[in-house]
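Visitor: sequence plus the predicted model coming up.
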Amino acid sequence: PKRPRQGARSGSPWWKPAWEVKPPYVLRVEVLLGILPEPREEESLYSVLARLHRYLGAPEAAAFMRATFADRFAIASHDLPGNLMRMADLAGTGDGTKELRDFIDSRTGFRFHTAFVEPEVRRSVFEAMAGDVTGIHARLGITAFAVRPISRLRFCLECLDEMEARHEDLWWRRDQQLPG
């Protein structure tokens, strides 16, 4: 058996970092959401979570995402993330509807990818991002585009100096992650 870290209370999962807590213990996601960094100009939700991951010194990205979304199947997606309703509920003061709309409209690729689709498809994509996003790219026809989605996150070299000078930090801008 592993020895607990110095100062740890043996047998209690609450002394462990969130990403080390194993079921059946439920992670206190509201704690993580309470310490989300303030989003920067045009920063994607993916980037906000990446900065939180870095600030906390979390060792494994997949475990951090599972902890953040309280879902063992959570997958990080920079353009059309899912499971946002739980996050919005915990981040908001009411039923989370306003926070969900804000997450989706101002921190994801939703507006870009749904700009020219039918209203019912747009509504369907919004609802999928609130919960399960399985097949969302196919629903939007993104998988059939001649222009392939980006395979790596992009950044502007000229913007980096300005970001660091103004905020002493770097982030991924949403507008730099568009396909093409």
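Guide: Sure thing, it's come through. Numbering: from 1, shown residues only.
Visitor: can I have the helix or strand in which residue 87 is found written out in PDB, keeping just the CAs?
Guide: Element membership of residue 87, judged by DSSP states H and E, is helix 84-91. These are the backbone C-alpha positions of helix 84-91, laid out as PDB (Å, rounded to 0.1, in the frame of the first residue of the first chain):
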ATOM      1  CA  LEU A  84     -21.800  22.800 -20.100                       C
ATOM      2  CA  MET A  85     -25.100  22.800 -18.300                       C
ATOM      3  CA  ARG A  86     -23.600  21.300 -15.100                       C
ATOM      4  CA  MET A  87     -20.800  23.800 -15.200                       C
ATOM      5  CA  ALA A  88     -23.300  26.700 -15.800                       C
ATOM      6  CA  ASP A  89     -25.600  25.500 -13.000                       C
ATOM      7  CA  LEU A  90     -22.700  25.600 -10.500                       C
ATOM      8  CA  ALA A  91     -21.200  28.800 -11.800                       C
END
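Visitor: need the helix or strand of the protein with the lowest average pLDDT.
Guide: helix 29-34 (a mean of 59; mean pLDDT, DSSP states H and E).
Visitor: thought residue 49 was touching residue 68?
Guide: Yes. Here residue 49 reaches residue 68: they are 6.3 Å apart, a contact under C-beta atoms under 8 Å. All C-beta atoms are positioned from the backbone trio N, CA, C, and that covers glycine.
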